[in-house]
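Engineer: Make a model of this:
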Amino acid sequence: MTVGHTVGTKGQIVVAKAIRDQLGVQPGWQVFQQVVGGHVELYFLPPRHRRSLRGILAPHIKRHITTDEEWEQARAAAAEAWAKDAEAFLTSPDAT
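Structural biologist: Sure, this is the predicted structure:
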């Protein structure tokens, strides 16, 4: 997509709405610019979100742990699984 605009008196330019919409650029995003081969490239980054992530993994939780004993059992099981994975990796023919 090619769109033409005039550079303003303060050197400001406009990123066309069609381009902003295509890229999903919103107010508050940061733009990084660099000169490459005689032209300018712009990179847009969204701001950090301020939404809570609490509960985002809830649909994926298959086991609810409530007591200290259950936590210790879960930690031990995770450590054992990690050790088995590490041993399998280290003894695989691809490991160097």
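Engineer: Could you tell me which helix of the protein is the longest one?
Structural biologist: Counting residues, the longest helix in the chain under DSSP state H turns out to be helix 68-91.
Engineer: Would you mind listing the buried residues in that one?
Structural biologist: For helix 68-91, a neighbour-count test (16 or more other C-beta atoms under 10 Å) marks nothing as buried. For glycine as for every other residue, the C-beta is placed from the backbone atoms N, C-alpha and C.
Engineer: pLDDT averaged over that helix, what's the number?
Structural biologist: Regarding helix 68-91, the rounded mean pLDDT is 92.
Engineer: CA atoms only: put it into PDB for me.
Structural biologist: Below are the C-alpha coordinates for helix 68-91, written out as PDB (Å, rounded to 0.1, in the frame of the first residue of the first chain):
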ATOM      1  CA  ASP A  68       0.900 -28.000  52.200                       C
ATOM      2  CA  GLU A  69       1.100 -31.700  51.900                       C
ATOM      3  CA  GLU A  70      -0.400 -31.600  48.400                       C
ATOM      4  CA  TRP A  71       2.100 -28.800  47.400                       C
ATOM      5  CA  GLU A  72       5.000 -31.000  48.600                       C
ATOM      6  CA  GLN A  73       3.700 -34.000  46.600                       C
ATOM      7  CA  ALA A  74       3.300 -31.800  43.500                       C
ATOM      8  CA  ARG A  75       6.800 -30.300  43.900                       C
ATOM      9  CA  ALA A  76       8.300 -33.800  44.300                       C
ATOM     10  CA  ALA A  77       6.400 -35.100  41.300                       C
ATOM     11  CA  ALA A  78       7.600 -32.100  39.200                       C
ATOM     12  CA  ALA A  79      11.200 -32.600  40.300                       C
ATOM     13  CA  GLU A  80      11.000 -36.300  39.400                       C
ATOM     14  CA  ALA A  81       9.500 -35.600  36.000                       C
ATOM     15  CA  TRP A  82      12.200 -33.000  35.400                       C
ATOM     16  CA  ALA A  83      15.000 -35.400  36.400                       C
ATOM     17  CA  LYS A  84      13.600 -38.100  34.000                       C
ATOM     18  CA  ASP A  85      13.400 -35.600  31.100                       C
ATOM     19  CA  ALA A  86      17.000 -34.400  31.800                       C
ATOM     20  CA  GLU A  87      18.300 -37.900  32.000                       C
ATOM     21  CA  ALA A  88      16.500 -38.800  28.700                       C
ATOM     22  CA  PHE A  89      18.000 -35.800  27.000                       C
ATOM     23  CA  LEU A  90      21.500 -36.400  28.300                       C
ATOM     24  CA  THR A  91      21.500 -40.000  27.200                       C
END
